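Peer 1: predicted coordinates and the sequence they were generated for:
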Amino acid sequence: MVKVIRGASGKYASTKSLLEYFENRNDIEGILYLGYPIIGSVEGAINIDAMLVSKQHGVVVIDLCEGVTVEDRTDIRDDFYTKVKSKLTDYKSLHQRRELMIEIGVVTYASGWKGLEESERSYDVVTNFKEMDAFLAEQEWKHPDYYVHLLQAIQAITKIRTAPKRENVKKENSRGAKLKKLEESIANLDHNQSAAVIETVDGPQRVRGLAGSGKTIVLALKVAYLHAKNPDWNIAVTFNTRALKKQFEELITRFTYEHKRDEPDWNKIKIIQAWGSPNSEGIYYNICKAHNNEYHDLNSAKHLTYSSDYFGAVCRRALREIDVFKPMYDVILIDEAQDFSKEFLLLCYEILKEPKRLIFAYDELQSLNKNSMATPEEIFGKHPNGEPRVELRNEKDKPKQDIILDVCYRNSRPILATAHALGFGIHYEKGIVQMFGNETLWKDVGYDVLEGALREGNEVKLGRNAKSSPAFLESHSPIDDLIHFESFDSEEKQAEWIAKEIKKNIEEDELRYQDIMVIHTDPFTTQDAVKSIRGNLYKMGINSHVAGAANPDIFTETDSITFTGIYRAKGNEAGMIYLINGQNCYGGLELARKRNILFTGMTRSKAWVRVTGYGEDMEKLIEEYEEIKNNKFELEFTYPTEEERQKMTIINRDMTKDERKKIENTIGNLTEIIKAIHSGDIYLEDLPEELRHALKGILDNES
């Protein structure tokens, strides 16, 4: 079967006819790219109309010709052949000694040319399906075992997917050796990832994906593709995690070079923060400057709202105060969109040139500050006639507006299912903590219904399927090594154990420093909380650093263990993850946010996770995990009703500092009153009658 990936192409009639042909060729296994690839040369970028990459025929470059006027396109075909061969010649993996093992064919497809004279006919000019059949029959590839490497070259990802050399690996079955095999196994983009990169919509496009599904790489590839295709476009890339800036710069540079054999034009591509300041460019700051609107930094934003969403408040004010928005960018790409308010997404939409190409990627459960992503209608609003301004639809024979990356290439099935179960609180003693409002999202992110039904009030059992959680991600190690929870008597014991384990990882397990990440569950106390572990490592001669402490844009350092809070960890990954002080995420106020931290921390792992902590809450968290493991990492629960979900949202909501303090003080006062009544220091009758009745009424309603 031929899968189709639709890039930008202005040749509508011939494209439609070509698609119709390949829809009926179920005997071919491969991918048909439209408007792709773009090949760099000394004369500039060459845009290919269409390319078939298949196991049966190798590479077939298709020159699409519109209209009915017959013309000699020999030079065009020769140029395409030369450029494609030159590109593929650069890849050592496609050669056997000096010979390029790829079959390359070039054909002009001109469905509008009728009644050609004999002198105009040629085997590499086809005008109908029968002639295309004959051409492909002659184009037989004898080396399909090179297909994976060929795809990698065509997708322009060779230099990204190249695994670290790991010259230190000597043992056949060490952690370093296992990680090396894992990295080599993830060779190519899958169909959905390729579609997300190349398919360009005249309007907004949403990319939804699990942690580890490749969202950041896909966005970087998309920037490089759009930049090569449209060098005059002004493109902005923004994100929530500052450490992603360097990652985006490196990825976009490499991908652009793969396309154009040239550096990106950084005057046309801006990788910038969402907020920004006079000292550091950002989307919001640029909007204020362009529209002569008052700019608010964090300190002044605190006076605009009672909530903790300060950035949302400044975006709301800008939307209110700016009457007419100036078009500032041709495309804006937003990574980690779940961490931004709907007002920021709307601001980005307003400053785009028509047709409003806003590309936003997110993972709903990785949100660290709210429970769910708003719908397109809630974000972008409605026209005066009541119709939504933005609708995301996937229509036949058109680029996808809503792309779901459902395959997780980072986390194994046990790790991801555990992260979801703990994140939602499936086995939490007081009941489920949070839940998708849309039941079908479970299927979208790679779960199958094993028993029951995905309906409100129904019992259901869910399990990850083999497609979305490839078996090779878990087959390298036993379950109890993939995931391990450990509780200690004290914080000091935890620090000693982690330092010893890291020493073992480096000296015996053949892991590199960059393969290890220590994540603290409370982002506000990371510096102090990791001192003890870092001190122990220092005594062992092992260097470490806190990500962002010296440079906010630097995450990993050479020959140094990375320690980080959860916010900087997002968007990054490592083979071995130590998630410390897990007890912080068990219970208490703002539980949805705490459980999201647990989920996000665990899903940074490419292979192994260690969740550690101490105290009663850590023991209870381990009990939750044991229940998940005993259920074979299948999620079994009763799907909450809308009313129950609303109650969860209230109970587990995020709070401002003042709200937290007020609730904690009130609980403290009530606790003191109850203790005094139990001890006989005061009597229930001492309380005012109206207070007794009010308390009784509240408690009766809750019971």
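Peer 2: Here it is on my side, so go on.

Peer 1: what about the helices in the stretch 101-250 of the chain?
Peer 2: With DSSP state H, counting those that start in this stretch as the criterion, the stretch 101-250 of the chain has helices at 129-138, 147-154, 158-161, 175-185, 191-198, 215-229, 244-260.

Peer 1: using CSV, write out every CA atom in the last one.
Peer 2: The C-alpha atoms that make up helix 244-260 are tabulated as CSV, following Å, rounded to 0.1, in the frame of the first residue of the first chain:
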residue,chain,number,x,y,z
LEU,A,244,14.5,24.0,24.4
LYS,A,245,15.9,27.1,22.6
LYS,A,246,19.4,25.6,22.1
GLN,A,247,17.8,22.3,21.1
PHE,A,248,15.6,24.0,18.4
GLU,A,249,18.6,26.0,17.1
GLU,A,250,20.7,22.8,16.6
LEU,A,251,17.8,20.8,15.1
ILE,A,252,16.7,23.5,12.7
THR,A,253,20.3,24.2,11.6
ARG,A,254,21.0,20.5,10.9
PHE,A,255,17.6,20.0,9.1
THR,A,256,18.0,23.1,7.0
TYR,A,257,21.4,22.0,5.9
GLU,A,258,20.0,18.6,4.9
HIS,A,259,17.4,20.4,2.7
LYS,A,260,19.4,23.3,1.3
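
Peer 1: which elements pack onto that helix?
Peer 2: In terms of contacts (3 or more CB pairs under 8 Å, 6 or more residues apart in numbering; DSSP states H and E), helix 244-260 is packed against strand 38-39, helix 158-161, helix 215-229, strand 269-271. Heads up, the C-betas are built off the backbone N, CA and C, glycines and all.

Peer 1: since we're on the spatially closest residue to Val331 that is not a sequence neighbour, how many residues are nearby?
Peer 2: The shortest distance from Val331 to any non-neighbouring residue, by CB to CB, 6 or more residues apart in numbering, is to Arg357 (4.4 Å). By other CB atoms under 10 Å, the residues close to Arg357 number 22.

Peer 1: what comes up buried for the helix or strand that contains Arg357?
Peer 2: Using DSSP states H and E, Arg357 sits in strand 352-362. If you call a residue buried by 16 or more other CB atoms under 10 Å, then strand 352-362 has these buried ones: Leu352, Lys356, Arg357, Leu358, Ile359, Phe360, Ala361, Tyr362.

Peer 1: now flag whichever of those residues is closest to Arg610.
Peer 2: Tyr362 (27.5 Å; CB to CB).

Peer 1: and the closest one, how far is that from Gly209?
Peer 2: 8 Å (CB to CB, to the nearest Å).

Peer 1: what do those two both touch?
Peer 2: Lys215 (CB atoms under 8 Å, 6 or more residues apart in numbering).

Peer 1: show me the chain divided up by domain.
Peer 2: 2-154, 189-405, 413-647, 656-702 (automatic domain parsing).

Peer 1: and Gly203, what is it in contact with?
Peer 2: Here Gly203 is in contact with Pro355, Lys356, Arg357, Leu358, Val390, Gln401 (CB under 8 Å, 6+ apart).

Peer 1: ok, now Phe344?
Peer 2: Ala274, Ile283, Tyr284, Phe311, Gly312, Cys315.

Peer 1: tally up the residues packed near the last one, please.
Peer 2: Other residues near Cys315 come to 27 when the count uses other CB under 10 Å.

Peer 1: can I assume it is in contact with Tyr284?
Peer 2: Yes. Applying CB atoms under 8 Å, one finds Cys315 in contact with Tyr284, separated by 6.5 Å.

Peer 1: now do the closest residue to Asp444 other than its chain neighbours against Gly67, distance only.
Peer 2: In space, and not counting its chain neighbours, Asp444 is closest to Ile404: 5.1 Å by CB to CB, 6+ apart. Ile404 is 38 Å from Gly67, where distance means CB to CB.

Peer 1: between the two, which has more neighbouring residues?
Peer 2: Ile404 (20 against 12).

Peer 1: OK, contacts around the more buried one?
Peer 2: Asn192, Arg208, Gly209, Asp444, Val445.

Peer 1: Lys461 - how many residues pack around it?
Peer 2: The burial count for Lys461: 15, using other CB under 10 Å.

Peer 1: that one contacts Phe633, doesn't it?
Peer 2: No. Counting by CB under 8 Å, Lys461 does not reach Phe633; the two are 11.4 Å apart.

Peer 1: ok so, going back, need the residues touching each of Cys315 and Tyr284.
Peer 2: Common neighbours of Cys315 and Tyr284 (CB under 8 Å, 6+ apart) are Phe344, Leu347.

Peer 1: before we move on, the earlier item: quick one: which of the helices and strands packed on helix 244-260 is nearest Lys594?
Peer 2: Nearest to Lys594, of the helices and strands packed on helix 244-260 and by CB to CB, is helix 215-229 at 23.6 Å.

Peer 1: ok now the closest one, how far from the chain's centre?
Peer 2: 14 Å (CA atoms, centre = their mean, to the nearest Å).

Peer 1: just the buried positions in it, please.
Peer 2: In helix 215-229, counting by 16+ other CB under 10 Å, buried: 215-229.

Peer 1: report the angle between it and helix 191-198.
Peer 2: 40 degrees (axes from the mean of the first three to the mean of the last three CA atoms, to 10 degrees).

Peer 1: no further queries at this time; thank you.
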